[in-house]
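Asker: Got a predicted structure plus its sequence, pasted below:
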Amino acid sequence: MKKFLLALSLAFSLFVSCTNYEEMRIDLSTGWEYSIDGASYKAIPDQQLSKLEDLVPHKIGFIWLRHSFTVPPQLNSEDLGVYLGRITMADETRVNGLFIGTTGKFRPAEFSAWNIPRYYAISKKLINPENNFITIKIWCDGEASLVSNPFIGLPEDARLTYARESFWNSKIYLIFAFFSFVIGFYHLVIFLRRRVEKENLTFSIINIVNALYLSVMYIFEIPNFPPDNLSFLWFQKIFSCTLPFVIVFFTTTFVFNFLKETEKFQFMLARLIFSLIPVSLIFMSVDYPTLHQMVQYTTFFLIPLIIYPLVVFIKNFKKHPSHSVALLIGFVPTVILAISDIVIHYGLKLNDMTYFAQFGWMLTIIVLLYLMAGRFANARNQAEYLNKNLEKEVSNRTDRLSESMKMLEDERNKSLEDLRLAEHVQQTFYQKEPQALSNWDTALYFKPVSGISRDLYDFFINNNNLYGAGLFEISGNGIASGLVSMLAKTIIDQKFKEGFGEKLSSVMSSINSTIAQTKGNIPNYLTGSLLRIKGDIIEYINGGSSKLYMRRESTGKVASIQAPANVSDGSSIQLGIPGQYPEFKTLKFSMQKDDCLILYTSSFAEAENSYGVPFGSEKIIRALASSGKGNAQDKLKTIMDIFNLYTAGTNIKDDITVIILQKK
């Protein structure tokens with residue numbers, strides 16, 4: 001906390017200080033000489049100071065820089081300070097051959113202090129009346145430089161310049177990292193308390209990883225860091241080169257989570273592979289010069305990874321316009337300042353300027369934090385509003401509706417009596433879930449939206465053995481659909497039992513024609529599936545129903561039971577329509593012990609979450625695959641728990657029936 005307050009006070013002083021020391025400075029930005037052996041020196045072009053490695057054989061080893069200076073009269077008998085700016089990688093500095101300071105580490109425990117500016121005090125006892133020399137011994141390992149307009153002047157001038165440069169190039173990143181870690185930990189706690197909002201988890205990961213990534217800027221600000229046993233090569237591989245790919249990967253995942261969109265697995269896998277390829281190349285680098293060269297190429301892998309979420313923004317703009325625009329605005333600072341870095345450092349060659357992209361990224365973090373806080377605040381405001389006003393709202397609405405309800409009470413009571421009678425009559429037609437069968441284990445979930453269901457199911461049992469099952473649904477709603485379901489169930493039960501020795505396709509054709517003739521011009525039609533069991537062989541007809549899925553117990557994998565590509569799978573069939581006699585295709589397949597099937601009505605797959613996204617066949621497959629090795633009832637419970645969690649907070653608008661058949 002003491003360091004944090006000191007940094008803030010220092011930042012304030014950088015903007016209010018108005019003392020002009022420049023006229024008393026000894027400029028060291030030009031006129032340097034260099035030596036490879038520390039003995040013979042020759043002049044160095046000023047522009048070469050930012051690329052000293054080109055002067056070192058094989059770009060690995062020491063290079064000495066020397067600059068002569070004469071102290072002006074106004075600085076005679078004064079202690080001085082030297083500001084050398086940022087030096088890559090490590091330095092040892094002397095005045096007139098006497099040591100005044102060192103920053104960074106030489107081999108064997110080399111560690112670059114490239115982001116730390118240098119300030120060293122020069123005692124007046126070291127200064128000669130006339131000619132003086134400042135000598136810098138610099139360690140080069142693939143890169144070496146001296147930037148940021150060095151000078152010798154009054155200690156307070158050099159210290160202030162050092163403090164300003166140190167703040168903007170290292171200390172500010174320590175502050176950013178601190179807040180980033182706090183933000184990450186806070187959102188991790190929120191996720192652990194409410195795990196359905198995965199954007200909190202990904203936002204937490206982004207911030208924690210960002211705090212670690214920024215350590216390449218502030219590591220020398222931490223007391224006793226870096227330790228001698230910390231490899232600079234591996235530190236750069238992990239923190240400087242790998243973590244940006246981790247941040248970009250989870251940032252894209254955050255975009256999907258924030259927009260409540262589900263990313264296709266193959267796209268996520270492609271992102272992962274595109275991140276792992278450059279990371280693998282980075283980890284293969286045998287030394288720092290190789291790594292330094294490799295990064296110039298691996299950085300290009302970030303381009304498609306950054307473009308991809310932009311495509312996601314555009315694709316989801318119509319569905320989530322406010323969220324997409326807010327996120328896009330949040331990433332604008334990073335993009336703009338990253339472009340400015342390219343112009344400043346690579347176009348204008350202003351190497352003494354700081355890098356601004358990190359500031360843009362922190363602005364992006366702040367914007368994303370604002371959006372997350374806004375979403376949380378809206379949820380809390382809604383909850384508080386309900387807590388404070390729900391009773392009052394209910395009371396007011398009850399008063400307004402009381403007169404209308406009184407007028408409708410008689411009609412409602414009569415309708416309820418008719419409905420209860422219809423429910424009772426229909427329930428007598430539906431058998432309960434069979435128990436303790438010899439050859440199959442069954443589980444049933446049957447939930448009509450109203451009292452009368454338009455779904456109908458049937459289990460065909462003989463001598464405690466299951467030899468068939470059917471699941472159908474009737475078009476339309478209300479009592480008429482319920483009556484048609486009872487009529488259809490009677491016909492299906494009769495025709496299936498009578499046609500046990502016939503082809504299953506003939507049985508289905510007989511069911512279709514009989515229902516059409518019996519119900520006449522009533523517009524309701526049926527869709528559904530029919531199964532017949534003969535030992536290990538299952539015969540199956542899809543009469544316009546949802547796909548049938550089977551889970552192999554031996555592998556845990558789920559596959560659909562469907563017709564060959566050149567044969568209709570029956571998905572467009574409608575049953576019970578006069579004059580229509582579709583051709584039914586019977587599929588046969590075998591099942592082994594503990595293999596299971598899932599049959600379900602279309603409303604199960606079409607049920608939506610709070611964002612209007614259907615549960616869908618992919619989630620049904622995943623739910624069945626993750627249902628475990630228990631009995632049919634255990635599997636059904638797991639599947640329905642997943643379904644109920646997905647549709648939590650929504651209104652299920654249609655009847656839902658799900659059947660699990662597990663072979664014993």
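Answerer: Received it, and whenever you're ready, just let me know what you need.

Asker: Which pLDDT does the model give P309?
Answerer: As predicted, P309 sits at a pLDDT of 82.

Asker: How much space separates the closest residue to Y173 other than its chain neighbours from T30?
Answerer: Among residues not flanking Y173 along the chain, M217 sits closest, at 3.7 Å (CB to CB, 6 or more residues apart in numbering). For the C-beta atoms, the positions are set from N, CA and C on the backbone; glycine is no exception. M217 sits 28 Å away from T30, going by CB to CB, to the nearest Å.

Asker: low-scoring pLDDT stretches of the stretch 201-350 of the chain, where are they?
Answerer: Applying pLDDT under 70 to the stretch 201-350 of the chain flags residues 345-346, 349-350.

Asker: so which strand or helix has the residue nearest to Y173?
Answerer: helix 215-218 (DSSP states H and E).

Asker: just F133 next, same as before
Answerer: Counting by DSSP H and E, F133 is found in strand 132-141.

Asker: partners of that strand, with directions?
Answerer: Take DSSP bridges as the rule and strand 132-141 pairs in its sheet with strand 60-69 (antiparallel), strand 90-95 (antiparallel).

Asker: For the stretch 251-400 of the chain, which segments count as helices?
Answerer: 265-283, 288-298, 302-315, 321-341, 357-429 (DSSP state H, counting those that start in this stretch).

Asker: Looking at M217 and T30, which one has more neighbours?
Answerer: Taking other CB atoms under 10 Å, M217 and T30 do not tie; M217 has more neighbours (22 against 11).

Asker: can you pull the contacts of Y646?
Answerer: Contact analysis of Y646 by CB atoms under 8 Å, 6 or more residues apart in numbering lists 607, 609, 615, 619.

Asker: Quick check: the residue nearest the centre of the chain vs L212, distance?
Answerer: By CA atoms, centre = their mean, the chain has its centre lying nearest to T253, at 2.1 Å. T253 sits 18 Å away from L212, going by CB to CB.

Asker: returning to what we had before: do I have it right that the residue nearest to Y173 meets S170?
Answerer: Yes - contact criterion CB atoms under 8 Å: M217 and S170 qualify, at 5.5 Å.

Asker: overlap in contacts of these two?
Answerer: Residues touching both M217 and S170 (CB under 8 Å, 6+ apart): N115.

Asker: For N465, the count of nearby residues, please.
Answerer: 12.

Asker: ok, D91 touching K105?
Answerer: No - applying CB under 8 Å, one finds D91 not in contact with K105, separated by 10.5 Å.

Asker: Give me the more crowded residue out of these two.
Answerer: Of the pair D91 and K105, D91 is the one with more neighbours under other CB under 10 Å, namely 22 against 18.

Asker: How about the more buried one: which residues does it bridge to?
Answerer: T103, I138.

Asker: Would you quantify the distance from P523 to I474?
Answerer: Plainly put, P523 is 11 Å away from I474 if you go by CB to CB.

Asker: Among those two, which residue is more densely surrounded?
Answerer: Between P523 and I474, counted using other CB under 10 Å, the more crowded position is I474 (26 against 10).

Asker: Would you check how far apart the more buried one and V484 are?
Answerer: I474 is 5 Å from V484, by CB to CB.

Asker: do the same with T657
Answerer: 16 Å.

Asker: so after the helix or strand D641 falls within, what's the next helix or strand?
Answerer: Element membership for D641 (DSSP H and E) is helix 632-646. Remark: after helix 632-646, the chain's next helix or strand is strand 656-663, criterion DSSP H and E.

Asker: residues contacting L80?
Answerer: When contacts are counted by CB under 8 Å, 6+ apart, L80 touches 71, 121-122, 124, 127, 152-155, 158.

Asker: Need the three-state assignment for S166.
Answerer: helix (DSSP: H, G, I helix; E, B strand; the rest coil).

Asker: where does the stretch 551-664 of the chain dip in pLDDT?
Answerer: For the stretch 551-664 of the chain (pLDDT under 70), the answer is 563-571.

Asker: What segments of it are helices?
Answerer: Using DSSP H, counting those that start in this stretch, helices in the stretch 551-664 of the chain cover 602-606, 616-625, 632-646.

Asker: quick one, which of those helices is nearest to T298?
Answerer: helix 616-625 (33.7 Å; CB to CB).

Asker: got the contact list for that closest one?
Answerer: By CB under 8 Å, 6+ apart, helix 616-625 touches 546-547, 549, 551, 556-558, 596, 598, 600, 604-605, 635, 638-639, 642-643, 646.

Asker: Could you rerun that using 7 Å?
Answerer: 547, 549, 551, 556-558, 598, 605, 638-639, 642-643, 646 (CB atoms under 7 Å, 6 or more residues apart in numbering).

Asker: picking up where we left off before, now do the strand holding F133 against helix 288-298, angle only.
Answerer: 70 degrees (axes from the mean of the first three to the mean of the last three CA atoms, to 10 degrees).

Asker: Now strand 132-141: average pLDDT?
Answerer: On average, strand 132-141 scores 97.

Asker: Can you tell me what sits against that strand?
Answerer: 52-53, 56, 59-71, 82, 84, 87, 89-96, 106, 110, 144, 288-289.

Asker: cool, and stretch 371-378?
Answerer: Counting by CB under 7 Å, 6+ apart, 203, 326, 330 sit against stretch 371-378.

Asker: wait, what's in contact with the first one?
Answerer: What that stands for is F203. 187, 254, 368, 372.

Asker: Now it: phi and psi?
Answerer: With angles defined as degrees, to the nearest 10, F203 sits at phi -70, psi -40.

Asker: Next one: it from P321, what distance?
Answerer: 21 Å.

Asker: All set now, cheers.
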